[in-house]
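Enquirer: Generate coordinates for the sequence data below:
(one chain, ligands or ions: 1)
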Amino acid sequence: MTLSVAPERAALETPVPQIIGGEEAIGAATFPAIDPSTGRVWAEVTAGTPADVERAVSAAAKAFPAWRATSLDERQRLLWAVAERLGSGAEEWPVLLATENGRPIREAGLIDVPTAAEIFRFFSGVVRDLHGQTVPCGPGAHVVTSPQPLGVVAALVPWNSPLISVAHKLAPALAAGNTVVVKPSELASVSTVEFVRILQDVFPPGVVNVVTGDGPDVGRALVSHPGVAKVSFTGGTETGRSILRDVAGRLAPTLMELGGKGSMIVCADADLDTVTEDVLTGIFAANGEVCFASSRLLVHESRYESLLERVCERADRITVGDALDPSTQVGPLVSRAHRDRVAARVAAAVEAGATLRAGGVEPDLPEHLREGSYLRPTVLASPGGTTSASCEEFFGPVLTVESWADEDEVVDRVNGVAYGLANGVCSADLARAFQIADRLESGMVWINTWFATPLGQPQGGVKASGFGREGAAATVLEYTTTKVVHTSLDPTRPPMWT
Ligand code: NAD
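Expert: Numbers count the residues shown, from 1 in each chain. All right, here's what the predicted structure looks like:
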């Protein structure tokens, strides 16, 4: 890709292609990629069709037999090479990511690119330990299991952290010996196509393909394709439900990383200095457009007002602006439509009784950013936790603060939401924090921290947040099935037929 920078903004001169069977394919129709900082069109992306999906699945199916036969040391070497390639584009990637979805450039450089590289390094280690088991069935039999790749994996990812999301799917799926067709979000396709493009120098043609286009058309055609052996999806809960209906007929297995509503429970003995930092990171990093965001803060009544005041005072000082400006702490939301949806949810919560304590408005920005999709970091006080803000996923920089007095009641309140992705407890009493954590219906619980997701630690949810785990050694098994081979060592048979 040639990023022409004009003056320091990315712009692409030619349409972004799909990549199918190692070839770049520019389609007849395109759709615009819009820079949410300015509202300007900065690239045109190929609008794929079901026929492109057909070609991509067949290219991946053709590449599968040779790829599954590669040795584990070869796969290790190639996965490591991907991490190296990412490192060599260290300056270009943050510009691309910040232009694409409004992620502040300081975070794109500090978090997105190194994390994606680290995911490939992690699975390049994991792949060397891919093995089956011997099952002790007595002296008359030799029984072994082996993990088998599934075939063609469809990997569908959202717009909020495209590079990390696609790395979380590609690295374990490839490590297990599968080939992949990726479908990025129509709101953030360019970085994924660019990533798959550089992978063509690493993997044989057809091992990794990418199709672009909208969800209902291209995404649906992909998940419904009979040649797709597994669907690995990260995105909204409603889309996940629709995909499950589409794959039900052919019983294709799925991995579902869906929405979340992260609650942080703050006990009376918590250290408010640390909590304040964790709250700000948990809800305002990545513009709050994170499934793991700590969007709901439940504070013991004895600390409620003081923590609320601290958080609001800090939220009011956050620098909001152009995602490409290194001093920006919160950038624009991904689109004006999404910004308007988030703002409407804030208004509905206020209407239902929540009090706006910070933000809730567009920032005052220079002329060239007026068409961007900005919202100031917003804090809603809803002490009783009775408004929609306590259970809905906003997916933006909006925090709801509630008060509690009784431990059983606050646990019920957290467990009362449909989602079960990431929750947290802050307390100086670790035994107590652990007891609360144990009772939370949640795939992940953080104690005295937020967002800690080192590789090796499984990531994923329960309830409406989905199923399946990413980021752990066992994730590679999500992309395999177990085959058993039972060899008889005993020629004698019981006399059943005499
Ligand atoms: P989305 O569900 O609208 O889209 C995700 C992907 O699915 C996109 O590629 C889209 O084109 C495709 N798609 C849409 N409709 C489809 C259909 N009917 N069939 C097949 N594919 C279809 O989600 P989004 O708005 O891009 O992302 C935001 C959501 O993602 C939030 O709910 C967020 O919580 C969730 N998310 C979850 C995790 C996690 O790890 N649990 C991580 C990031 C984001």
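Enquirer: What ranges does the stretch 101-250 of the chain have for its helices?
Expert: Secondary structure of the stretch 101-250 of the chain by DSSP state H, counting those that start in this stretch: the helices cover 105-107, 113-126, 162-175, 190-199, 220-224, 237-248.
Enquirer: Nearest to the ligand, out of the ones you listed?
Expert: Set against the ligand and scored by C-beta to the nearest ligand atom, the helices of the stretch 101-250 of the chain come closest in helix 237-248, at 3.1 Å. Every C-beta, even on glycine, is put in place using the N, C-alpha and C of the backbone.
Enquirer: How about that closest one and the ligand, touching?
Expert: Yes: using C-beta under 6 Å from any ligand atom, helix 237-248 reaches the ligand at Thr239, Ser242, Ile243.
Enquirer: To what extent is the second one buried, counted in neighbours?
Expert: Meaning Ser242. Residues lying near Ser242 (other C-beta atoms under 10 Å) number 15.
Enquirer: If we ignore the residues flanking it in sequence, what's nearest it?
Expert: Spatial nearest neighbour of Ser242, chain neighbours left out: Arg220 (7.9 Å); criterion: C-beta to C-beta, 6 or more residues apart in numbering.
Enquirer: Wait, the one you found touches Thr239, no?
Expert: No: when contacts are counted by C-beta atoms under 8 Å, Arg220 is not listed as touching Thr239 (9.9 Å).
Enquirer: Quick check: the residue nearest to Ser242 vs Phe467, distance?
Expert: Plainly put, Arg220 is 21 Å away from Phe467 if you go by C-beta to C-beta, to the nearest Å.
Enquirer: again with Arg310
Expert: For Arg310, the distance to Phe467 equals 37 Å [C-beta to C-beta].
Enquirer: Kindly report the residues of the stretch 301-450 of the chain close to the ligand.
Expert: The stretch 301-450 of the chain comes close to the ligand at residues Glu393, Phe395, Leu421, as judged by C-beta under 6 Å from any ligand atom.
Enquirer: now those in TSV, with secondary structure and distance to Ser306?
Expert: Supplementary listing: these in TSV, determined by DSSP: H, G, I helix; E, B strand; the rest coil; distance: C-beta to C-beta, whole Å:
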residue	secondary structure	distance to Ser306
Glu393	coil	28
Phe395	coil	28
Leu421	coil	28
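Enquirer: Take these and write them to a markdown table, including pLDDT and neighbour count.
Expert: Supplementary listing: these in a markdown table, determined by pLDDT from 0 to 100; neighbours: other C-beta atoms under 10 Å:
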| residue | pLDDT | neighbour count |
| --- | --- | --- |
| Glu393 | 97 | 22 |
| Phe395 | 98 | 25 |
| Leu421 | 98 | 26 |
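Enquirer: buried residues in the helix or strand that contains Leu97?
Expert: Element membership of Leu97, judged by DSSP states H and E, is helix 92-101. By neighbour count with 16 or more other C-beta atoms under 10 Å, helix 92-101 contains the buried residues Trp93, Pro94, Val95, Leu96, Leu97, Ala98, Thr99, Glu100, Asn101.
Enquirer: Now flag whichever of those residues is closest to Gly321.
Expert: Distance to Gly321 across those (C-beta to C-beta) is lowest for Ala98, with 11.4 Å.
Enquirer: and the closest one, what pLDDT?
Expert: Predicted confidence (pLDDT) for Ala98: 96.
Enquirer: That one contacts Leu324, correct?
Expert: Yes: the criterion here is C-beta under 8 Å, and Ala98 meets it with Leu324 at 5.1 Å.
Enquirer: quick one: common contacting residues for these two?
Expert: Both Ala98 and Leu324 are in contact with Ser37, Ile105, where contact means C-beta atoms under 8 Å, 6 or more residues apart in numbering.
Enquirer: residues touching the nearest residue to Glu362 once chain neighbours are set aside, list them.
Expert: Spatial nearest neighbour of Glu362, excluding adjacent residues (C-beta to C-beta, 6+ apart): Tyr374 at 5.3 Å. Tyr374 makes contacts with Val320, Gly321, Gly331, Pro332, Leu333, Arg339, Glu362, Pro363, Leu365, as judged by C-beta under 8 Å, 6+ apart.
Enquirer: how distant is the helix or strand Ile19 falls within from the center of its chain?
Expert: Here Ile19 sits within strand 18-20, counting by DSSP H and E. Relative to the mean C-alpha coordinate of its chain, strand 18-20 is positioned 22 Å out (C-alpha atoms, centre = their mean, to the nearest Å).
Enquirer: next SSE after that strand?
Expert: Heading C-terminal from strand 18-20 (DSSP H and E), you reach strand 23-25.
Enquirer: can you give me how far whichever helix or strand comes after that following strand is from the chain middle?
Expert: Of the helices and strands lying after strand 23-25 in sequence (DSSP H and E), the nearest is strand 30-35. How far strand 30-35 lies from its chain's middle: 22 Å, per C-alpha atoms, centre = their mean.
Enquirer: Next: stretch 149-168.
Expert: So, by C-alpha atoms, centre = their mean, the centroid of stretch 149-168 is 8 Å from its chain's centroid.
Enquirer: Give the buried residues for it.
Expert: For stretch 149-168, the neighbour count (16+ other C-beta under 10 Å) marks 149-168 as buried.
Enquirer: average pLDDT across the strand holding Ile19?
Expert: Summarised as a single mean, pLDDT over strand 18-20 is 98.
Enquirer: Dump stretch 119-129 to PDB, keeping only the CA atoms.
Expert: Taking C-alpha atoms only, stretch 119-129 is exported to PDB below (Å, rounded to 0.1, in the frame of the first residue of the first chain):
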ATOM      1  CA  ILE A 119      -0.100 -12.400  19.800                       C
ATOM      2  CA  PHE A 120       1.800 -13.900  16.800                       C
ATOM      3  CA  ARG A 121       4.900 -14.400  18.900                       C
ATOM      4  CA  PHE A 122       2.800 -16.200  21.600                       C
ATOM      5  CA  PHE A 123       1.200 -18.600  19.200                       C
ATOM      6  CA  SER A 124       4.400 -19.300  17.500                       C
ATOM      7  CA  GLY A 125       5.500 -20.700  20.800                       C
ATOM      8  CA  VAL A 126       2.200 -22.500  21.500                       C
ATOM      9  CA  VAL A 127       2.300 -24.300  18.200                       C
ATOM     10  CA  ARG A 128       5.400 -26.300  19.100                       C
ATOM     11  CA  ASP A 129       3.400 -27.900  21.900                       C
END
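Enquirer: wait, does that stretch make contact with the ligand?
Expert: No: on the criterion C-beta under 6 Å from any ligand atom, stretch 119-129 is out of touch with the ligand, staying 13.0 Å away.
Enquirer: hmm, who's touching that stretch?
Expert: In this structure, residues lying in contact with stretch 119-129 by C-beta under 8 Å, 6+ apart are 72-73, 75-77, 79-80, 82-83, 86, 164, 167-168, 171-172, 174-176, 455-456, 471, 473, 475-476.
Enquirer: Generate the PyMOL command that creates a selection of the buried members of those residues.
Expert: Selection of buried members from these for PyMOL, criterion 16+ other C-beta under 10 Å:
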select buried, resi 75+76+79+80+82+83+86+164+167+168+171+172+174+175+176+455+471+473+475+476
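Enquirer: Contacts only, for the residue of the stretch 1-150 of the chain found nearest the ligand.
Expert: In the stretch 1-150 of the chain, no residue comes nearer to the ligand than Asn101, which is 9.8 Å away by C-beta to the nearest ligand atom. By C-beta under 8 Å, 6+ apart, the contact list for Asn101 reads Pro36, Trp159, Asn160, Pro162, Leu187, Ala188, Glu289, Val334.
Enquirer: what is the orientation angle of the helix holding Leu97 with helix 162-175?
Expert: Taking axes from the mean of the first three to the mean of the last three C-alpha atoms, to 10 degrees, helix 92-101 and helix 162-175 form an angle of 110 degrees between their directions.
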